[in-house]
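[1] show me the folded form of this:
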Amino acid sequence: MGKINIAITGCMGRMGQQLIKSVNKDKTIKLVTLTENRIINKKISGIKPELNTDKALSKANVIIDFTIPKCTFEVLKIAAKLKKKVVIGTTGFTKKEEDLIKKFSKKIPILKAGNMSLGINLLMYLTEITSASLSNNYLSKVFEIHHKHKKDHPSGTALMLGKGIAIGKNKDFYKMIGKKYLNKKKFPYGKKINFNSIRKGEIIGEHEVTFSSGKEIITLNHEAFDRALYSDGAITAAKWLINKKPGLYSMRNLLNFR
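    Numbers count the residues shown, from 1 in each chain. Here you go, the predicted model:
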């Protein structure tokens, strides 16, 4: 098989820029399209960014999208029409939007992950196991830190880890969501899962899941040092997705975790 043609949406964003660097280092894939939600009058890696249109995205085998929900659905509508595969790293979707993504996945292959890191996806797996192993006497909470530019909170990864807790308890995650704090030094456990988000500096990402019985505390955590961790993961996802049939996949499928 020849090189995989890749389109990157939101090319001027932090992840968009990192994805361009990672794609250009990989000889098995080719960057063919860059898009933004505004006109950019300069070339990036020899390519002039375009708006999200049928013509722009028709050149790609796989579209990698790290943008905002509104843009993601703009991309999905075009991808469904053109039968293109999509890797979604965008976060901040509502339950209704998550259900809509599932509908699109009946037409095209979609790999969606709140975090593309191997370590984070292993952490998710361990969170499920820990939650399932502990009795209901153990309360849980999720803590995360990101750079000051990150707009959504809790992060998609924090919510993903919260979902891991719910899966372990065989409960509906959306019914288990507790309070969402921002920039609190301390925050409480609760009968539901509470979240605390810190936004400061240029921190790439730190996530921590804590379980407490009142007599002991169990902590699972992960710290990212390089943004390439996520872009490399997204490219691995794009390569994996190329031979898949329509469906909604995750990094868990890629990594073959049970």
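[2] measure stretch 213-221 end to end?
    This stretch, stretch 213-221, spans 18 Å end to end (CA to CA, to the nearest Å).
[3] what of stretch 89-99?
    One end of stretch 89-99 sits 16 Å from the other (CA to CA).
[4] that stretch: how far from the chain's middle?
    10 Å (CA atoms, centre = their mean, to the nearest Å).
[5] use 614 as the first number from now on
    With the count now opening at 614, the last piece we talked about shows up as stretch 702-712.
[6] which parts of it are buried?
    Gly702, Thr703, Thr704, Gly705, Phe706 (16 or more other CB atoms under 10 Å). No exception for glycine: its C-beta is placed from N, CA and C like everyone else's.
[7] again with stretch 733-746
    Residues of stretch 733-746 classed as buried: Ile733, Asn734, Leu735, Leu736, Met737, Leu739, Thr740, Glu741, Thr743, Ser744 (neighbour count, 16+ other CB under 10 Å).
[8] which of those lies closest to Ser863?
    Using CB to CB, Asn734 comes nearest to Ser863 of the buried residues of stretch 733-746, at 8.0 Å.
[9] residues in contact with the closest one?
    Ala726, Asn728, Met864, Arg865, Leu868, Phe870 (CB atoms under 8 Å, 6 or more residues apart in numbering).
[10] ok, it to Glu815 distance?
    Using CB to CB, to the nearest Å, one gets 24 Å for the distance from Asn734 to Glu815.
[11] pLDDT, secondary structure and distance to Gly615 added to the buried residues of stretch 702-712, as a markdown table?
    What follows is the buried residues of stretch 702-712, written out as a markdown table (pLDDT from 0 to 100; DSSP: H, G, I helix; E, B strand; the rest coil; distance: CB to CB, whole Å):
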| residue | pLDDT | secondary structure | distance to Gly615 |
| --- | --- | --- | --- |
| Gly702 | 94 | coil | 25 |
| Thr703 | 93 | coil | 28 |
| Thr704 | 87 | coil | 32 |
| Gly705 | 85 | coil | 35 |
| Phe706 | 91 | coil | 34 |
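[12] which of the residues you listed lies closest to Thr666?
    Comparing the buried residues of stretch 702-712 against Thr666 with CB to CB places Thr703 closest, at 18.9 Å.
[13] burial count for the closest residue to that closest one other than its chain neighbours?
    Excluding the flanking residues, the one nearest Thr703 by CB to CB, 6 or more residues apart in numbering is Thr685, at 4.6 Å. Neighbour count for Thr685, taken as other CB atoms under 10 Å: 27.
[14] contacting residues for the residue nearest in space to the middle of the chain?
    In the chain, the centroid-proximal residue (CA atoms, centre = their mean) is Gly727; its distance is 2.4 Å. Residues near Gly727 by CB under 8 Å, 6+ apart: Thr704, Ser768, Gly769, Thr770, Leu772, Met773.
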